[in-house]
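Asker: Here's a sequence, model it:
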Amino acid sequence: MSPANPDDRSSAFLGQILHCQQDLRNYLHHLHPHAQDLDDLMQETCLKLWQEFEDYDSTRPFLPWAMRIGYFQVLRFRKTRSRDRLVFSDELLELLVTETPADSQAQALRHALDECLGKLTPRARETLLARYAQDSSIADLAKGRRQSVHALYRLLNQARTQLTTCIRRQLTLEGESPKPHPSH
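Answerer: Numbering: from 1, shown residues only. This is a model prediction of the structure:
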C-alpha cells in the first residue's frame, strides 16, 4: 500500500495500528508471556509494521498481517535472548500461534480472569500476581515472605486450582465453552 501523499500513508497506518493495538499486544504476550519484554516487543513490531506498510495489501484485514509480522519479531527477539533461562521452543511457539483464542473468547477469558482474581483471598491473589505478573521466582517470593518454598508452592497450587475452577464456571455462565485442560 503506497498512498501518493506521505501524510496519507501516516494516517492510514495510524488508523490501522490504533484500531488493533490491544489485540496485537495480547497476541505478542500470548507468544512471549514475559511482561518485562512486552513493551520492547510491541515497539519493535510497530516499527517493523511501519517499515513494511508499503507492502500491506489494504484489501485484506490488517490484524492478521500485523500478527504475522509480530510472530517473526518474536522469533527474532527470542533469538537475541536465547541465552535467557526460559525460552519457548520453536515448536511450542508454532503451537501457540495455532491456538490463539478468537477475539470474543479472549475478552471472555480476560473478564473471567478479572472476576475470579477478585474472588481469591488477598494473600492468594497477591502471591499469584507477584509470581506471574511481576515474574518473581518462587525462591525470591518465599525468601521475601519468610516462608518455605514448599509452602509457597502449595499456596500457588491451591490458588491456581481455585482460579481455574472459577474461570471455567464463569465462562460456562457467560456462554463460552472452556477448552478442556489435559490434566482434567
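Asker: When you work out contacts or count neighbours from here on, use the C-alpha atoms and nothing else.
Answerer: Will do.
Asker: hmm, who's touching the helix or strand hosting Asp140?
Answerer: Element membership for Asp140, per DSSP states H and E: helix 138-145. Helix 138-145 has contacts (C-alpha atoms under 8 Å, 6 or more residues apart in numbering) with Ala130, Arg131, Ser148, Val149, Leu152, Tyr153.
Asker: most neighbours, which of these?
Answerer: Leu152 (18 neighbours; other C-alpha atoms under 10 Å).
Asker: what's the closest non-adjacent residue to that residue?
Answerer: Nearest non-adjacent residue to Leu152, counting by C-alpha to C-alpha, 6 or more residues apart in numbering: Ala142, 6.3 Å away.
Asker: State the distance from Gly15 to Ala142.
Answerer: From Gly15 across to Ala142, the span is 46 Å (C-alpha to C-alpha, to the nearest Å).
Asker: Between the two, which is the more surrounded one?
Answerer: For Gly15 versus Ala142, neighbours defined as other C-alpha under 10 Å are more numerous around Ala142 (17 against 11).
Asker: Give the ranges of residues in the chain that sit below the confidence cut-off.
Answerer: 1-6, 81-105, 133-135, 174-184 (pLDDT under 70).
Asker: rerun at 90
Answerer: For the chain, applying pLDDT under 90 flags the ranges 1-13, 15-16, 19-20, 26-40, 55, 58, 74-184.
Asker: Looking at the contacts of helix 138-145, which is nearest Thr80?
Answerer: Of all these, Thr80 sits closest to Arg131, with 24.7 Å by C-alpha to C-alpha.
Asker: show me the residues around that closest one that make contact.
Answerer: Ser137, Ile138, Leu141.
Asker: Thank you kindly, that will do.
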